[in-house]
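Enquirer: show me the folded form of this:
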Amino acid sequence: MESQKPSIQSLVNTIKREILSQGNGSHSFLLPSPYDTAWLAMIPDPRQHDGPMFKGCLNWVLHNQNEEGFWGDYDHDGHETSEGVECLASTLVCMVVLKKWHVGSALIDKGLNFIHENAELLLTRNKDGKFPRWVAIVLPGMFDLARAAGLEIIFPKSTERAIADLFSDRQRVLEREELVDQNQYYPLLSYLEALPPIYEVSHESILKHLDSDGSLFQSPSATSSAYLATGNEECLAYLQSLASNCASNGVPSLYLVDEELAKLSMVHQLTRLGLTEYFDREKDEILAQIYRNYKHEKPAAKSIHLIAAELYKDCLEFWLLRMHGYGVSPSSLCWFLDHEEVRDPIEKHYEHFSSVLLNVYRASNLMLPGERQLEEARAFSKKFLQKIASGGTRDGNIVSSSHRRMIEHELGLPWMARLDHLEHRMWMEEKDACVLWMGKFSCHRSSLVHNQDIVQLVLQSFVLRQSVYRMELEVVKRWSETTGLSKMGFGREKTMYAYFAVATSISLPCNSDVRVMVAKSAIVITVADDFFDMEGSLEDLEKLTDAVQRWNGEGLSGHAKTIFEALDDLVANFRVKCFQQSGKDIKENLRHIWGETFQSWLMEAKWSRSGGAPPTHEYLDVGMTSIAAHTLVLPSSCLAIPVTASHQLWSDPYHPITKLLMVITRLLNDIQSYRKEEKEGKLNFVLLYLKENPEANIEDSIKFVQLLINQMKEEFLQHVLNEHSDLPEPSRQLHLGCLKVFHMFFNSSNRYDSDIDMLEDIHKALIIPPLIPKLKPLSPLPKPPGPKHRVFATKSWSGQFGLDCFPRKSFIRYRTSSHSGPVKRLEKMYKSSSFRFCFA
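Expert: You can find the predicted model right below:
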């Protein structure tokens with residue numbers, strides 16, 4: 001374990017220097033796109049026409065072919081249709097640019113072999129037998145480009161029908177759609193580089209739709225094509241800025257110069273991966289800077305392709321700022337609900353907005369009392385996410401299976417029922433956990449989760465935590481055995497469950513003492529509660545309760561004596577550790593809180609054995625104490641740093657956040673255990689409410705209790721996130737962690753009473769290392785080409801895929817440009833009279 005620490009610190013220092021330092025990483029927070037990088041590499045240097053203008057882009061292409069011969073991201077085992085076709089398009093254009101500049105002949109051969117061997121799989125259709133719209137536009141365009149470059153591509157005979165359908169689909173798209181169609185998530189013009197030569201686009205149409213930054217829909221590939229066609233200086237400036245900032249790392253599929261979005265994305269990914277403890281200062285500085293520029297009211301995005309990026313940014317901003325105690329308004333996130341021109345495209349293209357809708361839903365988890373606007377946003381996003389999760393998408397390839405699993409996880413497991421440590425693991429392992437928003441082809445992804453240093457830090461940090469947790473678990477097990485609590489012979493033996501829940505609930509970097517002491521407390525509570533429920537006679541229970549009240553175990557025997565002595569040892573250890581840390585003795589506080597907990601167990605035992613049914617308010621007064629959530633969280637707050645003042649923790653009555661925790665945890669338990677407790681003749685709030693309201697049925701009672709829980713959770717969260725609370729943040733976070741544990745145990749069933757339900761999660765948390773895909777290292781630069789360049793034979797492809805069948809529409813009339821250089825180069829790139837495929 002010690003040998004890992006220098007490595008972790010070294011990685012942290014590297015990440016701070018190369019990613020988080022001022023000005024670094026803001027232009028490359030998206031994963032590089034081989035497709036877009038190759039398109040920049042296609043542009044000739046105006047001073048030296050036999051070489052590229054952006055040599056760094058060409059070098060990146062040379063460096064980043066995968067071992068199997070393709071460019072991009074493609075998983076043979078976890079094959080996704082859109083992923084495979086995007087990989088095919090990227091491989092084609094990368095081979096074309098290498099051929100154009102007479103380099104990388106061996107790479108081209110590998111690429112051609114890869115396509116031949118995998119074409120059938122790469123050209124997989126949707127479940128309904130169709131290709132996605134973007135595939136029908138882009139892939140035939142890349143076939144055109146490869147043919148014009150003289151590449152000999154041999155397709156298996158089995159793909160002939162698929163390729164014929166591709167060109168037919170393209171024809172239908174080009175006949176049906178306008179060049180800039182507001183009904184399309186990305187219009188035809190955004191795929192300018194892939195449109196066939198016969199589909200002539202006027203320079204006026206291109207220039208008219210340039211964005212203020214000189215780009216065509218912020219797309220590097222489309223902007224490269226626009227510059228090749230028009231020679232426009234604004235396009236060139238955009239491309240030069242892009243290349244200067246990104247070429248060495250690869251050009252992303254979208255180039256937005258938005259410093260705040262990049263920084264928010266960095267903090268969000270580090271938070272989701274469980275790494276913020278290493279970067280607290282940098283995180284706090286970024287969020288403080290973001291909040292200084294924060295606006296409670298947001299203007300609507302002007303174009304559909306910018307809506308997703310803007311909403312994604314607003315979701316991250318709202319989530320991160322609110323989670324860190326900043327006052328933010330739901331209107332800064334929910335603005336889209338009041339703008340029909342924004343809401344309508346989201347509803348129409350909800351599959352394309354799936355990742356954004358997912359982040360809207362996540363943000364709504366932080367809803368506070370009275371925030372109806374956020375409630376509406378939650379309902380809006382949930383409606384479409386449920387459609388996606390159930391497979392109700394019109395194009396099955398827009399949402400990947402990995403992303404669908406993330407949606408199902410979000411909808412199926414409440415945020416307050418998730419354990420941070422396991423959430424971090426899922427974020428590492430799930431391929432599409434890092435998706436941002438939908439682009440021209442597929443979702444944009446964060447580059448951070450593919451950064452080699454980040455990946456190594458994530459893995460080493462998680463494995464280190466696991467090793468620490470296992471050692472602490474052994475300490476807790478030995479204590480449980482030594483005190484005799486694990487050998488009582490009745491009830492639930494939950495040593496592992498107790499430690500697992502405590503250790504994994506929150507990412508707050510609590511010290512080992514907090515985890516171990518709270519786990520020991522949970523074991524005492526479990527054993528003592530079972531003793532009161534099923535083992536002890538009423539006389540035994542009264543004697544034990546009296547002993548705890550007097551804090552004197554004289555006269556106790558058997559199980560009662562074992563429980564008291566274990567409790568006495570626990571309290572003594574708590575006192576010592578708290579005194580060492582704060583110089584204060586909390587003996588009386590500890591004895592009082594345990595005394596009232598035992599007293600509540602005794603009261604419930606008397607009710608059960610007498611068959612009495614107290615009013616719901618009286619039951620809840622006792623039940624909120626007997627659940628013992630405060631018994632776990634208040635003493636542990638004395639060990640967290642900074643130490644919480646005694647008068648704040650042990651006030652009478654308890655602090656509102658503590659009282660809410662006590663009531664919510666009791667009600668969560670009662671919803672899941674009412675059937676069992678009804679059989680055993682025990683009291684339960686769900687059953688008592690039913691008795692007081694004879695006109696109601698059991699579903700009505702559960703619905704009422706759930707409504708109470710939801711209302712109180714909003715109040716509870718308001719206290720947790722209140723930066724001006726008189727309780728320090730570590731104590732508030734411990735309250736939140738405690739609620740997460742109870743919510744996890746009593747979410748859809750009583751998992752705490754099961755012997756097997758938790759085992760898989762425990763193994764993932766404590767034993768099994770995370771499965772993080774390894775990154776492909778950069779390949780070395782190829783040797784400089786010799787005097788003789790390899791000659792590529794252009795085969796005459798046969799087939800029925802003529803390009804002259806596309807109609808000429810009035811809005812795409814060809815206009816000769818005054819910039820003859822770029823236009824001639826573009827025409828030459830595509831120039832050829834016949835187009836034939838070779839099938840083997």
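Enquirer: which residues in the stretch 551-700 of the chain form helices?
Expert: Secondary structure of the stretch 551-700 of the chain by DSSP state H, counting those that start in this stretch: the helices cover 558-582, 587-610, 616-626, 629-637, 646-649, 656-679, 685-692, 698-720.
Enquirer: for the ones you listed, which one sits closest to Phe441?
Expert: Among the helices of the stretch 551-700 of the chain, helix 698-720 comes nearest to Phe441, with 38.2 Å by CB to CB. In this view, the C-beta of every residue, glycine as well, is placed from N, C-alpha and C.
Enquirer: how far off centre is the following helix or strand past the closest one?
Expert: Taking DSSP states H and E as the definition, the helix or strand that follows helix 698-720 towards the C-terminus is helix 729-745. Chain-centre distance of helix 729-745: 21 Å, with CA atoms, centre = their mean, to the nearest Å.
Enquirer: from the contact counts, what lies against helix 729-745?
Expert: In this structure, helix 729-745 packs against helix 495-504, helix 629-637, helix 656-679, helix 698-720, with contacts taken as 3 or more CB pairs under 8 Å, 6 or more residues apart in numbering; DSSP states H and E.
Enquirer: mean pLDDT for the helices of the stretch 551-700 of the chain: which is lowest?
Expert: For the helices of the stretch 551-700 of the chain, mean pLDDT drops lowest on helix 646-649, to a mean of 72.
Enquirer: now distance to Ile163 too, for the helices and strands packed on helix 729-745, in CSV please.
Expert: Output for the helices and strands packed on helix 729-745, formatted as CSV (distance: least, CB to CB, whole Å):
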stretch, distance to Ile163
helix 495-504, 51
helix 629-637, 63
helix 656-679, 56
helix 698-720, 54
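Enquirer: can I get these in a markdown table including distance to Thr159 and mean neighbour count?
Expert: Listed next are these as a markdown table, based on distance: least, CB to CB, whole Å; neighbours: other CB atoms under 10 Å:
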| stretch | distance to Thr159 | mean neighbour count |
| --- | --- | --- |
| helix 495-504 | 48 | 26 |
| helix 629-637 | 62 | 25 |
| helix 656-679 | 54 | 20 |
| helix 698-720 | 54 | 17 |
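Enquirer: and of these, who's closest to Pro769?
Expert: Across the helices and strands packed on helix 729-745, Pro769 has its closest neighbour in helix 495-504 (15.4 Å, CB to CB).
Enquirer: could you look up the SS state of Phe217?
Expert: When states are read from DSSP: H, G, I helix; E, B strand; the rest coil, the local structure at Phe217 comes out as coil.
Enquirer: burial count for it?
Expert: Neighbour count of Phe217, defined by other CB atoms under 10 Å: 24.
Enquirer: with adjacent residues omitted, what lies nearest to it?
Expert: Of all residues not flanking Phe217 in the chain, Ser190 sits nearest, at 4.2 Å (CB to CB, 6 or more residues apart in numbering).
Enquirer: pretty sure the one you found belongs to a strand, no?
Expert: No. Assessed with three-state DSSP, Ser190 is helix; it does not lie in a strand.
Enquirer: neighbours around Glu277, how many?
Expert: Counted with other CB under 10 Å, the neighbours of Glu277 add up to 13.
Enquirer: that one belongs to a strand?
Expert: No. Counting by three-state DSSP, Glu277 is located in no strand; its state is helix.
Enquirer: give me the distance between it and Asp144.
Expert: According to CB to CB, to the nearest Å, Glu277 and Asp144 sit 52 Å apart.
Enquirer: go on, Lys487?
Expert: Taken as CB to CB, the span from Lys487 to Asp144 is 77 Å.
Enquirer: same check on Glu375?
Expert: 50 Å.
Enquirer: so which of those two has more stuff around it?
Expert: More neighbours surround Asp144 than the other of Glu375 and Asp144, with 23 against 15 (other CB under 10 Å).
Enquirer: my guess is that one meets Pro197, correct?
Expert: Yes. Between Asp144 and Pro197 there is a contact under CB atoms under 8 Å: 7.2 Å.
Enquirer: least confident secondary structure element in this protein?
Expert: Of all helical and strand segments in the chain, the minimum by mean pLDDT, DSSP states H and E falls on helix 820-830, at a mean of 41.
Enquirer: what distance separates the start and the end of stretch 747-762?
Expert: This stretch, stretch 747-762, spans 17 Å end to end (CA to CA, to the nearest Å).
Enquirer: what about the strands in the stretch 151-300 of the chain?
Expert: In the stretch 151-300 of the chain, strands defined by DSSP state E, counting those that start in this stretch lie at 154-155, listed in chain order.
Enquirer: look up the closest residue to Asn573, ignoring the ones flanking it.
Expert: Spatially, and ignoring its direct neighbours in sequence, Asn573 is nearest to Met517 (6.8 Å; CB to CB, 6+ apart).
Enquirer: the helix or strand containing that neighbour to helix 616-626, inter-axis angle?
Expert: Using DSSP H and E, the element containing Met517 is helix 512-530. When axes from the mean of the first three to the mean of the last three CA atoms, to 10 degrees is applied, the directions of helix 512-530 and helix 616-626 differ by 130 degrees.
Enquirer: what's the following helix or strand past helix 512-530 in contact with?
Expert: Per DSSP H and E, helix 512-530 leads on to helix 538-550 as the next helix or strand towards the C-terminus. Contacts made with helix 538-550 from outside it, assessed by CB atoms under 8 Å, 6 or more residues apart in numbering, are listed as 528, 531-532, 536, 553-556, 558-560, 563-564, 567, 591, 594-595, 598-599, 601-602, 605-606, 609.
Enquirer: tell me the spacing between Leu464 and Pro770.
Expert: Here the criterion is CB to CB. By it, Leu464 lies 12 Å from Pro770.
Enquirer: let me redo that: Glu714
Expert: Using CB to CB, one gets 33 Å for the distance from Glu714 to Pro770.
Enquirer: low-confidence ranges, the stretch 351-500 of the chain, go.
Expert: When the per-residue scores of the stretch 351-500 of the chain are filtered using pLDDT under 70, the ranges that remain are 392-397, 491.
Enquirer: 90 instead, please
Expert: Scanning the stretch 351-500 of the chain for pLDDT under 90 picks out the ranges 351-352, 390-405, 428-455, 486-495, 497.
Enquirer: would you list every one of the helices in it?
Expert: In chain order, the stretch 351-500 of the chain shows helices spanning 354-363, 372-389, 401-412, 420-429, 452-483, 495-504, with DSSP H, counting those that start in this stretch as the criterion.
Enquirer: do the stretch 51-200 of the chain as well
Expert: Residue ranges of the helices in the stretch 51-200 of the chain, as given by DSSP H, counting those that start in this stretch, are 55-63, 81-100, 105-122, 133-149, 160-176.
Enquirer: for Gln456, find the nearest of these.
Expert: Taking the helices of the stretch 51-200 of the chain one by one with CB to CB, helix 55-63 is closest: 20.3 Å.
Enquirer: list of residues touching that closest one?
Expert: For helix 55-63, the surrounding residues in contact (CB under 8 Å, 6+ apart) are 32, 34, 37-38, 40-41, 52, 71, 94, 97-98, 101, 103-104, 107, 243, 247-251, 778-782.
Enquirer: show me the residue at the heart of this structure, geometrically.
Expert: Centroid-nearest residue in the chain, with CA atoms, centre = their mean: Ala433, separated by 4.2 Å.
Enquirer: wait, what's in contact with that residue?
Expert: Residues in contact with Ala433 (CB under 8 Å, 6+ apart) are 272, 402, 406, 426-427, 449.
Enquirer: identify the farthest-apart pair in the residues you listed.
Expert: Taking CB to CB, no two of those sit farther apart than Arg272 and Ser402, at 14.8 Å.
Enquirer: so which of the two has more stuff around it?
Expert: For Arg272 and Ser402, the more surrounded residue by other CB under 10 Å is Arg272, and the numbers stand at 20 against 17.
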